[in-house]
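Student: next input, structure requested:
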Amino acid sequence: MLIKSVHLKNIRSYVDEKIEFPEGSMLLSGDIGSGKSTILLSIDFALFGLRRGEISGDDLLRHGTNTGSVKLHMEISGKDVKIERILRRNKDSIAHESCHIIIDDSRYDYTPIELKAKVLELLGYSQELLRKNRPLFRFTVYTPQEQMKQILLYEDERLEILRNIFGIDRYGRIRNNSRIFMTELRLMKREYETMTKDIEDDRKLAEQLRTAKISVSGLLNSEKNKLAEINGQIEEKVSEIGKIKNEFNELNMSKHELTKKETETRSKISRLERIDKDMENVETKIRKNEEEIEKIRETRPVSELKQELTIVEKQRDSLLSERAVMKSEVKNLQMVYDNGICSMCGQAVHDPQTFKSHLDEKSARIREIDSGLGNTEAKIQNIKESIINAEKIIHIKNSHNDLLIWKNEFEIEKDLLKKSIQLLDAEIIRLKTKTMDYDELYMKINKLEEEMHAVQREKLSVEKIVSKYEQQIEDMESRILDLTETIREKEKIKEKISRISDIINWFEPFMALTESIEKHVMVAIQREFNEYFQKWFGILMGEAMTVRIDESFTPVIEQNSYETEYENLSGGEKTSVALAYRLALNKVINDMIENIRTKNILILDEPTDGFSTDQLDRIRDIINELNMRQIIIVSHEPKIDTYVDNVIKIYKEGHVSRVAY
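Tutor: From the prediction side, this is the model:
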C-alpha cells in the first residue's frame, strides 16, 4: 500500500487542501496545532470511517460548515484506488451519509460499513476486524503515540490487543467455546441419560402388550366365528322371509284385485239400478209423446204451409202498398175538394160533384182493401199456427224416436251389465278362496321378522364385542408401535450418549493441546518481538540501558543492572521505549501475517517527543534500517528535515491550515 494524496474539504482547520505524498521518506512538518495530526486522522477516517470513542463527526467537520469530505488516493497491490467519504450536518448530529470507492476507474457506491469491509479486503485484513474497534492498521501502519504509551502501561489491555492482533485470542476462544460446548454436551448427556433410563420398562411393557394382544386375538377370533354363524342364520331367515313374502305379495295382489273386482261389481250394480230408473223415465216420456201426438190433428207438410204463407204474405204486402197509395191519393183529393183549387196546377175544380164521386170511389176501395187485409192477416195467423203444430209434431216424433233408441240401448247395456256382474261374482268367489291364507301368511312373516330382529340384536351385541376387541388390538398395536419407536429412538439416544462420551474424552486433551499451542506461539512471538525490541531500542539509546520483553510482553528496563519502572523514565526514554515497541510490533506483524498489504508503509506520529539531539540524530539510522517504500513522519522537530527525502510544511493562517512543499 502507498498513499498518493489526500484531499480535505471542511475537515477541522482545512477548508480545501490537497496533500501529495511521494514515495520514500517524508516529513509533515509544522508547529503544534498547525493541522499535522488532522491529515493522519483523515487518512484513518477515509479508510475505516467513524468509530465510536475514537473518530466522530464532531471531531472532523469544520465548525460553521454543513458538509465536509475526505478523498484518499492510494495504490494497493498495483491497483489504483480512490476513496471518498462525505460528512453532513443534520439537525441534531453530524452523519456519515455517503461514500464510494473507485478501483481502476470502476466506481462502487457503498454504505459506510460496506466500504470498510471492502477496504479490509483490499488491505488483506480479516473481516473479523469489522466488529473490532482497533483495526490492524493501527498497529502496522499508524498508531498515535499516546495510544502506544498506554499499551505499555496496562498489562491486561496490552495482552488483549497483542493476542487479538496475532490471532492468538482464537485459542482462548476455542477453549472457552470448547468449555461451553462440553458443558452443553454434559447437560445433553445427562438429559439423554434421563430420557433413556426407563428403556427396559418400555421393553417389558411392549412384551406384555404383545402377549395381551395374542390373548385378545384369540377372543376376537372366537367372536368372529360366532358372528359368522349368526350371519348364516340371518341369511337363512332372509331367504325364508323372502320366499314367504313373495307368496304374500302374490296374495296381497290378489287381495287388491278382489277389492278392485268388488268395487267394480258394486259400480255395475249401481249402474244397473240407474239404468232401471232411466228406462222408467224414458217409458214415461214415450207415453206422454204418444198422447201429445194423438191430441194434435194431422196437418199439411211444413214446406207446403210455409210456401202458402209466403204467397199470402205477398198478397198482404200488395194490399198494404195499394192502401198506402190510395190513402195518399184520397188525402190529396180531399185537400183539392176542400179548397176548390188544385195545389199542383192551381186550377179551380169545375165539377165538384164528379170530383166528390171519384173521391168516394177511392175511399170505398180503401175500405175494401182494409177488409181484405183483415182476412189476409187471419189467414196468415192460421197458417203460422198450422206450421207450429206441424213442427211440434215433428219434434215430438223425433224425440219419441230418440227415446225408443235410448230404451233399446238401455236394454242392451242392462243385459251386458247382468252378464258382467255374473262374471265378476264368479271371479270374486275365486279370489276369496285364493286369499283365505292371507292372514296366516301375514302372521308367519311377523313371527319370522321377530326372530330376525332377535338374531340381529345378537349380531349387534357380538359386533360390539368384536369392535371392542379390534379396538383393543389396534390400541395395543399402536402402543407397541409407539413403544418400538420410542425404544428405537432411545437406543439411538444411547448411541448419541456413547458418541458424546467419546467427544468429551477427545476434547479434554484437545483443550490442553490448544493451551500448549498458545503458549508455544506466544513464546515464539515473544522471542521474535524481544529481538526486534532490543534492536530498535539499542539504536535509539545505545548502551546506556538495556531492555527485554517478559512473558506478558511487558518491557523490562535495566539500568546499571537494576530494573527500572517505565513510569520512572524521562520523557525521551519513555518515547524511545514506546517507539522501539512500536517498530518491533510492526516488524513482527509484517513477518507473521503474510496476507496483509500494508508492509511497505509506516506512519510515525511525533516519534521524537522529548528526544535529545543525539537521539534525534539516530532517527536517520531508524529510517535507513526500516528500508520501506513510504515512511511518513509527523513532527515539529526541524532537525528531522535533513533525514528525509521530502518535507511538507503545514502552517495555519487565520484558523485555516495550508500546505507548502
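
Student: any idea what residue 80 is bridged to?
Tutor: Taking DSSP bridges as the rule, residue 80 bridges to residue 75.

Student: and residue 133, what pLDDT?
Tutor: pLDDT, residue 133: 46.

Student: over to residue 512?
Tutor: Per the predicted model, pLDDT is 81 at residue 512.

Student: what is the neighbour count of it?
Tutor: As a burial measure, residue 512 scores 11 neighbours (other CB atoms under 10 Å). Every residue, glycine included, has its C-beta placed from N, CA and C.

Student: packing partners for the helix or strand that it is a member of?
Tutor: Using DSSP states H and E, residue 512 falls within helix 438-541. With contacts defined as 3 or more CB pairs under 8 Å, 6 or more residues apart in numbering; DSSP states H and E, helix 438-541 has these neighbours: helix 169-196, helix 199-295, strand 546-549, helix 571-592, helix 613-626.

Student: highest mean neighbour count out of these?
Tutor: For those, the largest average neighbour count (mean count of other CB atoms under 10 Å) is found in helix 571-592, namely a mean of 21.

Student: direction included, what does whichever helix or strand comes after it pair up with?
Tutor: Under the assignment DSSP H and E, the closest C-terminal helix or strand after helix 571-592 is strand 601-605. For strand 601-605, the paired strands and their directions (DSSP bridges) read strand 142-143 (parallel), strand 630-635 (parallel).

Student: in contact with residue 501, which residues?
Tutor: residue 189 (CB atoms under 8 Å, 6 or more residues apart in numbering).

Student: do that again at 10 Å, thanks
Tutor: Residue 501 makes contact with 185, 186, 189, according to CB atoms under 10 Å, 6 or more residues apart in numbering.

Student: so where is the stretch 201-350 of the chain shaky, pLDDT-wise?
Tutor: 295-299, 342-350 (pLDDT under 70).

Student: returning to what we had before: now distance to residue 418 too, for the contacts of residue 501, in TSV please.
Tutor: Output for the contacts of residue 501, formatted as TSV (distance: CB to CB, whole Å):
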residue	distance to residue 418
185	117
186	119
189	115
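
Student: just give me the closest of these to residue 504.
Tutor: Nearest to residue 504 among these, counting by CB to CB, is residue 185 at 5.7 Å.

Student: OK, contacts around the nearest residue to that closest one once chain neighbours are set aside?
Tutor: Closest residue to residue 185 apart from its sequence neighbours, by CB to CB, 6 or more residues apart in numbering: residue 500 at 5.1 Å. Listed by CB under 10 Å, 6+ apart, the contact set of residue 500 reads 182, 184, 185, 186, 188, 189, 192, 193, 493.

Student: what is the helix or strand harbouring residue 319 packed up against?
Tutor: Residue 319 is part of helix 302-339 when elements are defined by DSSP H and E. If contacts are counted by 3 or more CB pairs under 10 Å, 6 or more residues apart in numbering; DSSP states H and E, helix 302-339 sits against helix 352-434.

Student: now the helix it packs on against helix 199-295, angle please.
Tutor: Helix 352-434 runs at 140 degrees relative to helix 199-295, counting by axes from the mean of the first three to the mean of the last three CA atoms, to 10 degrees.

Student: wait, residue 240 touches residue 452, no?
Tutor: Yes. Residue 240 is in contact with residue 452 according to CB atoms under 10 Å; the separation is 9.3 Å.

Student: residue ranges with poor pLDDT in this protein?
Tutor: Scanning the chain with the threshold set as pLDDT under 70 gives 128-135, 145-158, 295-299, 342-350, 435, 438.

Student: and of the helices and strands packed on helix 438-541, who's closest to residue 458?
Tutor: helix 199-295 (5.9 Å).

Student: same for that closest one, what does it pack against?
Tutor: Contact analysis of helix 199-295 by 3+ CB pairs under 10 Å, 6+ apart lists helix 352-434, helix 438-541 as its packing neighbours.

Student: can I get those helices in CSV with distance to residue 635?
Tutor: Converted to CSV, those look like this (distance: least, CB to CB, whole Å):
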stretch, distance to residue 635
helix 352-434, 143
helix 438-541, 15
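
Student: so which of the ones you listed comes closest to residue 50?
Tutor: Each of these has some distance to residue 50 by CB to CB; the shortest is helix 438-541, at 31.7 Å.

Student: how far off centre is that closest one?
Tutor: Remark: helix 438-541 is offset 33 Å from the chain centroid, using CA atoms, centre = their mean, to the nearest Å.

Student: before we move on, what about stretch 311-326?
Tutor: The chain centre lies 111 Å from the centre of stretch 311-326; the measure is CA atoms, centre = their mean.
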